[in-house]
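A.B. asks: Sequence and computational prediction follow.
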Amino acid sequence: MLYNLLAPLADDYGVLNLFRYLTFRTGGALMTALFISLVFGGPFIRMLKARQKKGQPIRSDGPSGHLIEKQGTPTMGGFLILLSLVSSTLLWADITSHFIWIAVAVTLGFGLIGFADDYIKVTKSSSRGVPGKLKFMLEVIIAAAAAYWIFKLVNPGVAVPFFKDLIIDIGWFAIPFAAFVIVGASNAVNLTDGLDGLAIMPVIIAASAFGLISYVVGNAVYSDYLQITQVPGTGELAVFCGAIIGAGLGFLWFNAPPAMVFMGDTGSLSLGGALGTVSVITKHELVLAIVGGLFVLEAVSVMVQVASFKLTGKRIFHMAPLHHHFEAKGWAESTIVIRFWIIAVVLALVGLSTLKLR
């Protein structure tokens, strides 16, 4: 909004020329989202505690320590993330950009599904929320609609890392593939959100990587130099990613161990959907699997555990997702969280290396 209001006046007022720079507006979105989170976080958490007498219901089949340590902690902290993320994005981004509205729409759509899930859990004091099949169906509808919107603007196709300008045309399959990426990313982040601070920092790291990817993919000079396919207009998504980083850092202030609030499905589903959407628009879906490799590992651990138990009656891990496996082995929660953060940083750097190694 500030860009649309102030950038046209830059010829008359030189200082306003700053609003024409994506880097300036990305930094502005980051700081605005962080500020909103820090200012409203405390009062918001107090409101949640007053309304949620018992806090987030803790699964009885999870780690036994969680029943004592995390009982009574309020959830739905993802609403704070959405507030700061969306408001700062609309304040600093070019609001005529279709890509911005697609990213915001998916984020809010998945956030609404997560909110309904969290609300049912809290009001019924149960770990069961929206039925799984209904939740999945709604996610697919939103993701498919977003994919259709995206491919009305850009040519469908999947870019292959490590190859120069190689785009695989998958025809009509582009929409279900894109929907799979968005829904998969959303649920992978949701599965990772099981320990204090565990999910939000890898989301921040992935958003940082995709902020850079969005910037170079949308820039004719940089995309030509790096020999990657340019998608004009994606630079605005750097502002969106900056807002994710700021909102995430603000939330981490309150979610750091011991957590004062959990993001819940409201936050995890929306943030995962946001990352998936950015990866589809920038044609870096396969790079998301590298940058967000930690989320992939968590999701795969669940699928492997379920498949193994159904086929053989035996479990491969002590408990799934993967972070619970290490809890069951006796690792301290802080140890798991920090080591997983380190893995997320390494994977993000590997993913970014694909921009140059071609």
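C.D. replies: Looks like it arrived, so ask away.
A.B. asks: quick one, longest helix in this structure?
C.D. replies: Criterion DSSP state H: the longest helix present in the chain is helix 22-51.
A.B. asks: Which other helices and strands does that one contact?
C.D. replies: helix 2-6, helix 78-92, helix 200-218, helix 237-255 (3 or more Cβ pairs under 8 Å, 6 or more residues apart in numbering; DSSP states H and E). The way it works is simple: take the backbone N, C-alpha and C, and place the C-beta from them, glycine included.
A.B. asks: Just say which of the ones you listed is most tucked in.
C.D. replies: helix 237-255 (a mean of 27; mean count of other Cβ atoms under 10 Å).
A.B. asks: I'd like the distance from the helix or strand following that helix to the chain centre, please.
C.D. replies: Scanning forward in sequence from helix 237-255 by DSSP states H and E, the next helix or strand is helix 264-281. Helix 264-281 has its C-alpha centroid displaced from the chain centroid by 4 Å (Cα atoms, centre = their mean, to the nearest Å).
A.B. asks: what's the angle between helix 264-281 and helix 200-218?
C.D. replies: 20 degrees (axes from the mean of the first three to the mean of the last three Cα atoms, to 10 degrees).
A.B. asks: returning to that earlier point: okay, the helices and strands packed on helix 22-51 in a markdown table with mean pLDDT and distance to residue 278 next?
C.D. replies: Conversion of the helices and strands packed on helix 22-51 to a markdown table gives the following (pLDDT from 0 to 100; distance: least, Cβ to Cβ, whole Å):
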| stretch | mean pLDDT | distance to residue 278 |
| --- | --- | --- |
| helix 2-6 | 88 | 19 |
| helix 78-92 | 97 | 12 |
| helix 200-218 | 97 | 5 |
| helix 237-255 | 97 | 5 |
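A.B. asks: Okay, buried residues for the longest helix of the chain please.
C.D. replies: Of the residues in helix 22-51, 22, 25-34, 36-38, 41, 44-45, 48 count as buried by neighbour count, 16 or more other Cβ atoms under 10 Å.
A.B. asks: and the helices and strands packed on helix 22-51 as CSV, adding distance to residue 344?
C.D. replies: Below are the helices and strands packed on helix 22-51 laid out as CSV (distance: least, Cβ to Cβ, whole Å):
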stretch, distance to residue 344
helix 2-6, 31
helix 78-92, 18
helix 200-218, 4
helix 237-255, 12
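A.B. asks: so for stretch 163-182, what's the average pLDDT?
C.D. replies: Mean pLDDT, computed over stretch 163-182, is 88.
A.B. asks: And residue 156, which helix or strand is it part of?
C.D. replies: Here residue 156 is assigned to no helix or strand, by DSSP H and E.
A.B. asks: pLDDT score for it?
C.D. replies: 87.
A.B. asks: contacting residues for it?
C.D. replies: 169-171, 174-175 (Cβ atoms under 8 Å, 6 or more residues apart in numbering).
A.B. asks: buried subset of those residues?
C.D. replies: So, of these, 174-175 end up buried under the neighbour-count rule (16+ other Cβ under 10 Å).
A.B. asks: In helices, which of the contacts of residue 156 appear?
C.D. replies: 174-175.
A.B. asks: List just the nearest of the contacts of residue 156 to residue 126.
C.D. replies: Taking Cβ to Cβ as the measure, residue 126 lies nearest residue 175 of the contacts of residue 156, at 35.2 Å.
A.B. asks: which regions of this protein lie under the pLDDT threshold?
C.D. replies: For the chain, the stretches flagged by pLDDT under 70 are 53-70.
A.B. asks: can you do 50?
C.D. replies: 67-68 (pLDDT under 50).
A.B. asks: Could I have the CA atoms of the helix or strand where residue 351 lies written out in CSV?
C.D. replies: Element membership for residue 351, per DSSP H and E: helix 333-353. Output of helix 333-353 as CSV, limited to C-alpha atoms (Å, rounded to 0.1, in the frame of the first residue of the first chain):
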residue,chain,number,x,y,z
GLU,A,333,13.9,-30.9,24.3
SER,A,334,16.3,-27.9,23.9
THR,A,335,19.0,-30.2,22.4
ILE,A,336,16.5,-31.6,19.8
VAL,A,337,15.3,-28.1,18.9
ILE,A,338,18.7,-26.5,18.4
ARG,A,339,20.1,-29.5,16.5
PHE,A,340,17.1,-29.4,14.2
TRP,A,341,17.6,-25.7,13.7
ILE,A,342,21.2,-26.4,12.6
ILE,A,343,20.0,-29.0,10.1
ALA,A,344,17.5,-26.5,8.7
VAL,A,345,20.2,-23.9,8.2
VAL,A,346,22.5,-26.4,6.4
LEU,A,347,19.6,-27.6,4.1
ALA,A,348,18.7,-24.0,3.3
LEU,A,349,22.3,-23.3,2.3
VAL,A,350,22.3,-26.4,0.1
GLY,A,351,19.0,-25.3,-1.5
LEU,A,352,20.4,-21.9,-2.2
SER,A,353,23.5,-23.4,-3.8
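A.B. asks: what does it contact?
C.D. replies: So helix 333-353 is contacted by 195-198, 201-202, 205-206, 208-209, 212-213, 257, 287-288, 290-294, 323, 326-327 (Cβ under 8 Å, 6+ apart).
A.B. asks: Then stretch 89-99?
C.D. replies: Outside stretch 89-99, the residues touching it (Cβ under 8 Å, 6+ apart) are 1-4, 25-26, 28-29, 32, 100-101, 103-104, 149, 153, 233-234, 236-237, 239-240, 242-243, 281.
A.B. asks: likewise stretch 37-55?
C.D. replies: By Cβ under 8 Å, 6+ apart, the residues outside stretch 37-55 that reach it are 70-77, 79-81, 83-84, 122, 125, 246-247, 249-251, 253-254, 260-261.
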